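1. Turn this into a structure:
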Amino acid sequence: MGDYVAHGRDMAGTDATPSGVPDVLAPDLRIVFVGINPGRMSATAGAHFANPRNDFWRLLHAARLTSRLYDPREQFALLGEGLGVTNAAYRTTPGSGDLRRVDFAGSAERLERIAGELRPEWLAFVGKEAYRGAFGVRPELGLQERKLADTHLFVLPSTSPANAAVPWDERLRWFRELAGRASPLPQRESVRAAVVDERGRVLLLRYGDEYGDWWVTPGGGREPGEDDEQTLRRELEEEIGLVEFALGALLWELDGWTLDEPGFGSFLSRVYLVRVDRFEPPHLTEANELRWFSPGELEHVSTRPLDLAERLSSASGS
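-> Sure thing, here's the model as predicted:
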């Protein structure tokens, strides 16, 4: 398999890739990532996404698409993870804004051949401009209606430092969705609580990894035979030591895709309102921290879901 790509051959093994950055391709991959074109740092390094300020490799690992963090020079090791990389255009430029329409000539046809001959499950475009360059239309982020042969198409935010207006959490959300969609793993059903005290504060739990911290409502997965209330009473006692409470209204139901929970590729979560008076939780949780937040304070921390503050505000006003 290594000889198949290591000499800069295309998917038929015949024509050299017209770029200093070789395609990383092989048959039957889970995902082939499609960048827009090589930048100068990538061309110099002969490796995809080689700019140290580009988040691509970190996002792969943070979304659990790779088992460890790879260096761009290890790009061919991605094949062992079921991943590949190519570009929509091959010409090296200082920035993607320097590309011309002619640079994308034949791009759609080449991607169609990759889909038909190498049969990846997904083509994931790293940035809207990579997709627009190939197909001539500007897409929305996420799953596309278009397919190439049996290959699904997905558009991710650009990981370039030039796309700094899109924050890390938002980029990671789309990489997490792709990771979940591309996995064969089942859905996890969970029940959570917006625990609100007499001052209108909400109790959240902090988790984290090497890429950052995030805050979530307490709760967890349903066990066989449980209804929502039974799950929530068990989880709130285990996580925050809350035993006596009245279960309030269902605030929202949310589903999505992620590999964050081991053994699962997607989730369905229902969040209920639980009101308490003067409750101070003992430290019984497995989380890194638990803390009360006023509505204004939620605007300054990373939460899951990202729009948790907005959801809670809407729930309190309804």
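
2. and the gap between residue 187 and residue 181?
-> 12 Å (Cβ to Cβ, to the nearest Å). C-beta here means a position set from N, CA and C on the backbone, and glycine is covered the same way.

3. so what's in contact with the two at the same time?
-> Contact criterion Cβ atoms under 8 Å, 6 or more residues apart in numbering; residues bridging residue 187 and residue 181 by contacting each: 265-266.

4. which of these two has more neighbours?
-> Taking other Cβ atoms under 10 Å, residue 187 and residue 181 do not tie; residue 181 has more neighbours (20 against 14).

5. quick one: contacts for the more buried one?
-> Residue 181 touches 122, 143, 152, 154, 257, 265-266, counting by Cβ under 8 Å, 6+ apart.

6. go on, residue 305?
-> 254, 311.

7. pLDDT averaged over stretch 66-76, what's the number?
-> In this model, stretch 66-76 carries a mean pLDDT of 97.

8. same question but for stretch 32-43, I mixed them up
-> Rounded mean pLDDT across stretch 32-43 is 94.

9. tell me which residues of it are tucked away?
-> 32-39, 41-43 (16 or more other Cβ atoms under 10 Å).

10. Look up the pLDDT of the residue nearest to residue 151 when sequence neighbours are not counted for me, please.
-> Nearest-residue entry for residue 151: residue 115, 4.0 Å, with adjacent residues in sequence omitted and distances by Cβ to Cβ, 6 or more residues apart in numbering. We have a pLDDT of 98 for residue 115.

11. sec struct for residue 115, please.
-> helix (DSSP: H, G, I helix; E, B strand; the rest coil).

12. roughly how far apart are it and residue 122?
-> From residue 115 to residue 122 the distance is 10 Å (Cβ to Cβ).

13. ok, now residue 102?
-> 28 Å.

14. cool, residue 105 as well?
-> With Cβ to Cβ as the criterion, residue 105 and residue 122 are 24 Å apart.

15. the more surrounded of those two?
-> Using other Cβ under 10 Å as the criterion, residue 105 and residue 122 rank with residue 122 on top: 19 against 11.

16. Enumerate every residue touching the more buried one.
-> 30-32, 151-154, 178, 181-182.

17. again, only this time at 6 Å
-> Under the criterion of Cβ atoms under 6 Å, 6 or more residues apart in numbering, the neighbours of residue 122 are 31, 152, 154, 182.

18. Give me the phi and psi angles of it.
-> phi -140, psi 140 (degrees, to the nearest 10).

19. quick one: contacts for the closest residue to it other than its chain neighbours?
-> Nearest non-adjacent residue to residue 122, counting by Cβ to Cβ, 6+ apart: residue 31, 4.4 Å away. By Cβ under 6 Å, 6+ apart, the contact list for residue 31 reads 83, 122, 124, 182.
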